[in-house]
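Enquirer: Sequence first, then the predicted structure, then my questions.
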Amino acid sequence: MDIHLYDSQGRHVGRNEQGGIDEEIPGAEYIEIPDLHEKTITVHEGDALDGYRFVLEGTGTGTFDFTVTSADHAQNSSDTVKYLAVPVTASTEASICQQQLTLSPFQQLFTAPLTKTYK
């Protein structure tokens, strides 16, 4: 599963078509840990009102989990939405706007640990 994050200005975080990594959103970072089958996108000091959109692209057959956490530092709290054991194929595509997740503003974290190694 490949993960991508876009903001309302069309800036991208995630793997690009050349296989490199884009971190175009200010304060964003993309971390990939192949041995753990984990991909993480973090936007430090992000604001959910900026219209973040997650795009998921299947790369094989299996299942994956993903979590979106929005931390409210002022209130010392966070909201988390988890999707577990989501079936995926190489043709799977999904797009989710953060506002659809009903999360409060501040830091956005998107993690996709794969529960199966893709072929």
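Expert: That came in fine, so what should we check first?
Enquirer: Give me the residue ranges of this protein where confidence is low.
Expert: Counting by pLDDT under 70, the low-confidence segments of the chain come to 47-50, 71-74, 98-119.
Enquirer: and with 80 instead?
Expert: 45-51, 69-81, 97-119 (pLDDT under 80).
Enquirer: Where do the helices of it begin and end?
Expert: With DSSP state H as the criterion, the chain has no helices.
Enquirer: Which stretches in it count as strands?
Expert: Along the chain, the segments classed as strands by DSSP state E run 2-6, 12-15, 21-23, 28-33, 38-43, 53-57, 62-72, 77-88, 93-97, 107-111.
Enquirer: So what touches the second one?
Expert: Okay, so that is strand 12-15. Counting by CB atoms under 8 Å, 6 or more residues apart in numbering, the neighbours of strand 12-15 from elsewhere in the structure are 2-6, 21-25, 28-30, 41, 43, 55. (Each C-beta comes from the backbone N, C-alpha and C, glycine too.)
Enquirer: What strands flank that strand, and is each parallel or antiparallel?
Expert: When pairing is defined by DSSP bridges, strand 12-15 lines up against strand 2-6 (antiparallel), strand 21-23 (antiparallel).
Enquirer: Tell me which of these is the most buried.
Expert: When those are scored by mean count of other CB atoms under 10 Å, the highest mean neighbour count falls to strand 2-6 (a mean of 20).
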